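**Q** Below: sequence and its predicted model.
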Amino acid sequence: MPVHPTAIVDPSACIHDSADIGPYCVIGAEVEVGARTRLMANLYLEGPTTIGEDNVFFPYSTVGVASQDKKYKGERAFTRIGSRNTIREFVTIHRGTQGGGLITEIGDGNLLMAYTHVAHDVKIGSGAVLDNAVTLAGHVTVGDNATISAFSGVHQFCRIGRECFIGGYSVVTQDVMPFSSVVSEREIRVFGANRVGLERRNFSRESIEALQTAFRLLTRAGLNTSQAIERIQAEVEHIPEIEELLAFIASSPRGVIKG
């Protein structure tokens, strides 16, 4: 494997023969780096951390370091990153804690832009895009193909539903419904279905229109959530996306953003 002579690699690290370790990288004990993954330069990795195949890490990121949670007492905790992710400059990814299942997980094919922070016990699915300086607090869950725009912050324990879009500079303090498009000024609001993102991923026109109707009933019909759900159940076609949306709302411990 190509390892730059200035890199420091712990003897217990497991680096695939086809991985590329650039100058001034520091790879600690119990770090695994998969096939064809490239660490460009000046990266710091602590274990136990597992990184899959075909990832690209741009310079100056830290991965698997101890959490900033004051409850963290040095317990053995993990970081797991899948394959085909792009991790840009100055990204910070912290390992898990006892209170969150001891693991921080990132799936496959995600883009984490510069200065993104992934706190302890965060779970990110696959295909998500986190724009510059997005901050995920501890225990946040991000669904597949979600987009979180630049300089947005997500409160601890919030869930970001799949296929949603969060506008820039948003402050997210409640769960974001799947398939929705939201943005906050002083207060975060739902503006309807994430039409552009859903069209790009080949959701049917019928599904998108059904979701638009559901979000209109939830946010602009003057109904409380229970009333809106009753109307959706009675008036909107029961496609899988609608069933998923209603199940997400029903299972939300913090409530969902409506505006």
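**A** That came through fine.

**Q** mind listing the helices in the stretch 101-250 of the chain by residue range?
**A** Taking DSSP state H, counting those that start in this stretch to define them, one finds helices in the stretch 101-250 of the chain at 195-200, 205-219, 225-235, 240-250.

**Q** With respect to F179, which of those lies nearest?
**A** Among the helices of the stretch 101-250 of the chain, helix 205-219 comes nearest to F179, with 5.2 Å by Cβ to Cβ. (Each C-beta comes from the backbone N, C-alpha and C, glycine too.)

**Q** pLDDT on that closest one, on average?
**A** The pLDDT scores in helix 205-219 average 94.

**Q** cool, and stretch 23-41?
**A** Rounded mean pLDDT across stretch 23-41 is 97.

**Q** same check, this time on stretch 245-259
**A** 90.

**Q** Report the distance from that stretch to the chain centre.
**A** Its chain's C-alpha centre and that of stretch 245-259 lie 18 Å apart, by Cα atoms, centre = their mean, to the nearest Å.

**Q** buried set for that stretch?
**A** By 16 or more other Cβ atoms under 10 Å, the buried positions in stretch 245-259 come out as L245, L246, F248, I249, S252, V256, I257, K258.

**Q** which residues are in contact with it?
**A** 157-159, 161, 172-180, 182, 187-190, 211, 214, 218-219, 225, 229, 232-233 (Cβ atoms under 8 Å, 6 or more residues apart in numbering).

**Q** closest to G100 out of the helices of the stretch 101-250 of the chain?
**A** Of all the helices of the stretch 101-250 of the chain, helix 240-250 sits nearest to G100, with 20.6 Å by Cβ to Cβ.

**Q** angle of the closest one against helix 225-235?
**A** Angle of helix 240-250 versus helix 225-235, following axes from the mean of the first three to the mean of the last three Cα atoms, to 10 degrees, is 160 degrees.

**Q** And helix 240-250, how far out from the chain middle?
**A** 20 Å.

**Q** F191 and V182 touch, don't they?
**A** Yes - counting by Cβ atoms under 8 Å, F191 touches V182, with 6.8 Å between them.

**Q** neighbour count winner among those two?
**A** V182 (25 against 16; other Cβ atoms under 10 Å).

**Q** any idea of the pLDDT on that one?
**A** For V182, pLDDT reads 94.

**Q** Surely it and G167 touch.
**A** Yes - here V182 reaches G167: they are 6.8 Å apart, a contact under Cβ under 8 Å.
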